[in-house]
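Participant: everything below, folded, please.
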Amino acid sequence: MIAVLAGGGGTPKLLRGLVEVVDPASVTAVVNTGDDVVLHGLHVSPDLDSCTYVLSDSVNRETGWGMADETWHAMESLARFDGGRRAWFRLGDRDLGTHLYRTGRLREGASLDVVTAEIADAFGVRVHLLPMTNDPVPTMVTVPGEGEIGFQEYFVGRRHSVPVSSVRFDGIERARPAPGVLDALRDAARIVIGPSNPFVSIGPVVAVPGIEDVLRSRRDAVVAVSPIVAGAALKGPADRMMAELGHSPDVVGVARLWRDLASTLVIDEADRASARAVEAEGVRCVVAPTIMRDVSAAAALASVVLSA
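Facilitator: Numbers count the residues shown, from 1 in each chain. Modelled structure (predicted):
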């Protein structure tokens, strides 16, 4: 069995490649829910949905999020009432169906892990998708001179254009891993830390009480993939956030972040010259193409990760 810590935009692509080289039923993804937000009365789980849509080939390939062949009639109608102020986080009409179902089931008393399994099954996804926790743990970022704001306000509302000085997961100390999470990490032959933002995509998963302890105890089985290539994030604010939070925004900085949890770090060929510096941080370094331009490239990377 393979367990993957997932979130953001990079790891769903890696999961899509992984199911090309192994039985999807042998893969468990423990997915970030710190991004979850209630919008228009609906419970939205962006990272769980990204994994679902990418794995089912339903994703909008142009944006990397949301659903293909999307329409926006609901948001256009909503914008009529207040000039668009309530429609700052755009939910497409097809995407809304997912959130309507999730919200209704949660209100009926179903837990998030159960609802996630139901949604995955409806989309034909055979990978076992698990929320990191069923408890609400919203990610909050501190903007200097302004204070804390919610992650979606930062990421979508501000288009991650403002600097951050800290990241906090509200209520994390009281959260419990969702059923099956710790067992998946304990039993996996290989654990993968996906190529996503270490602070707001993977960080919330690691912060759930009990998960970091298991990762430390299984360090020899853990492989991380760098989300930084040639000193930059392919998409999103990971490189800027690393610098803003006092870390070196390169593969060496990534190695320092994960060295206590992962025994191996996969870096891109563009960073080959940094391989020795990575290994000086106490992790084995594997150099391979890590930019997943299509499914075949993602499958090739998945094969590297499994053999690392």
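
Participant: how many other residues sit next to the residue nearest to residue 236 when sequence neighbours are not counted?
Facilitator: Computed as CB to CB, 6 or more residues apart in numbering, the closest residue to residue 236 that is not its neighbour in sequence is residue 197, at 6.1 Å. Heads up, the C-betas are built off the backbone N, CA and C, glycines and all. Residue 197 has 28 neighbouring residues, counting by other CB atoms under 10 Å.

Participant: would you list every one of the strands in the chain?
Facilitator: For the chain, strands defined by DSSP state E occupy the ranges 2-6, 27-31, 37-39, 42-44, 128-131, 139-143, 147-150, 166-169, 190-193, 222-225, 228-229, 232-233, 264-267, 284-287.

Participant: pipe those strands into TSV and attach mean neighbour count, distance to residue 70 and mean pLDDT per row.
Facilitator: Formatted as TSV, these follow (neighbours: other CB atoms under 10 Å; distance: least, CB to CB, whole Å; pLDDT from 0 to 100):
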stretch	mean neighbour count	distance to residue 70	mean pLDDT
strand 2-6	26	23	98
strand 27-31	27	22	98
strand 37-39	15	16	94
strand 42-44	19	15	97
strand 128-131	24	21	98
strand 139-143	21	25	97
strand 147-150	14	24	94
strand 166-169	18	30	97
strand 190-193	25	30	98
strand 222-225	26	29	98
strand 228-229	22	29	96
strand 232-233	18	25	92
strand 264-267	24	33	98
strand 284-287	18	37	98
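
Participant: now those as JSON lines including distance to residue 88?
Facilitator: As requested, the strands of the chain are exported to JSON lines (distance: least, CB to CB, whole Å):
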{"stretch": "strand 2-6", "distance to residue 88": "26"}
{"stretch": "strand 27-31", "distance to residue 88": "24"}
{"stretch": "strand 37-39", "distance to residue 88": "9"}
{"stretch": "strand 42-44", "distance to residue 88": "13"}
{"stretch": "strand 128-131", "distance to residue 88": "25"}
{"stretch": "strand 139-143", "distance to residue 88": "17"}
{"stretch": "strand 147-150", "distance to residue 88": "12"}
{"stretch": "strand 166-169", "distance to residue 88": "21"}
{"stretch": "strand 190-193", "distance to residue 88": "31"}
{"stretch": "strand 222-225", "distance to residue 88": "32"}
{"stretch": "strand 228-229", "distance to residue 88": "29"}
{"stretch": "strand 232-233", "distance to residue 88": "23"}
{"stretch": "strand 264-267", "distance to residue 88": "36"}
{"stretch": "strand 284-287", "distance to residue 88": "41"}
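
Participant: returning to what we had before: contacts only, for the residue nearest to residue 236.
Facilitator: Residues in contact with residue 197 (CB atoms under 8 Å, 6 or more residues apart in numbering) are 7-8, 203, 227, 233, 236-238, 241.

Participant: among the residues you listed, which pair sits farthest apart?
Facilitator: Across these, the longest distance by CB to CB is 14.6 Å; it joins 203 and 233.

Participant: walk me through the domains of the protein.
Facilitator: 2-58+100-134+179-307, 139-169 (automatic domain parsing).

Participant: show me what contacts the residue lying closest to residue 255 once chain neighbours are set aside?
Facilitator: Distances taken as CB to CB, 6+ apart place residue 281 nearest to residue 255, at 4.1 Å, with adjacent residues excluded. Residue 281 is in contact with 252, 255-256, 259, counting by CB under 8 Å, 6+ apart.

Participant: from these, which would you call buried?
Facilitator: Buried subset of these (neighbour count, 16 or more other CB atoms under 10 Å): 252, 255, 259.

Participant: next step: the residues you listed restricted to helices.
Facilitator: 252, 255 (DSSP state H).

Participant: please enumerate the helices of the stretch 1-150 of the chain.
Facilitator: Using DSSP state H, counting those that start in this stretch, the helices of the stretch 1-150 of the chain run over 10-21, 46-55, 73-82, 93-107, 112-122.

Participant: the stretch 201-308 of the chain now?
Facilitator: 203-207, 211-217, 238-244, 251-258, 275-279, 295-307.

Participant: what residues sit buried inside the third one?
Facilitator: Residues 238-242, 244 are the ones in helix 238-244 that count as buried (16+ other CB under 10 Å).

Participant: in the helix or strand of the chain with the lowest mean pLDDT, what counts as buried?
Facilitator: Least confident helix or strand, the chain: helix 73-82 with a mean of 88, by mean pLDDT, DSSP states H and E. By 16+ other CB under 10 Å, the buried positions in helix 73-82 come out as 74-75, 78-79.
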